[in-house]
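Asks: sequence first, predicted coordinates after that:
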Amino acid sequence: MAAFGLLVIGDEILSGRREDRHFPNVRGLLADRGLRLAWVSYLGDDRARLTEALRRSFAAADIVFSTGGIGATPDDHTRQAAAAALRVPLALHPEAAA
């Protein structure tokens, strides 16, 4: 059976400006289904670190949830890091462009 992992992303979590509510929520949702997390990683908004963490996640057999780091602020690099980890171009959806 695959293990479940969680990536919690954001400088605001690591600095304490925001409290992480993702971990307890994901843990609870899995527990309600008789499942449990095998690991959790907290990452700041560092593109190189995010890329490497996502690359490892994509290569593993684990089911990995990712939270945070996907906002519209300039310090959010998750989209770019995911594209780099998968070695695919990042494309703007036409509806988003409109």
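Replies: Thanks, I have the structure now. Numbers count the residues shown, from 1 in each chain.
Asks: surely residue 30 is within a strand?
Replies: No. Looking at residue 30 with DSSP: H, G, I helix; E, B strand; the rest coil, it is helix, so not inside a strand.
Asks: what sits up against stretch 39-50?
Replies: By C-beta atoms under 8 Å, 6 or more residues apart in numbering, the surrounding residues in contact with stretch 39-50 are 3, 5-11, 13-14, 20, 23, 53, 62, 69, 75-78, 80-81, 84. Quick note: C-beta positions are derived from backbone N, CA and C, even for glycine.
Asks: just the buried ones from those residues?
Replies: Taking 16 or more other C-beta atoms under 10 Å as the criterion, what is buried in the contacts of stretch 39-50 is 5-11, 13, 20, 53, 69, 76-78, 81, 84.
Asks: give me the three-state assignment for residue 14.
Replies: Per three-state DSSP, residue 14 ends up helix.
Asks: okay, now the nearest residue to it once chain neighbours are set aside: neighbour count?
Replies: In space, and not counting its chain neighbours, residue 14 is closest to residue 44: 5.1 Å by C-beta to C-beta, 6 or more residues apart in numbering. Neighbourhood size, residue 44 [other C-beta atoms under 10 Å]: 16.
Asks: mind checking pLDDT for residue 44?
Replies: Note for residue 44: predicted pLDDT of 91.
Asks: stretch 33-48: how far from the chain's middle?
Replies: A distance of 7 Å separates the centroid of the chain from that of stretch 33-48, by C-alpha atoms, centre = their mean, to the nearest Å.
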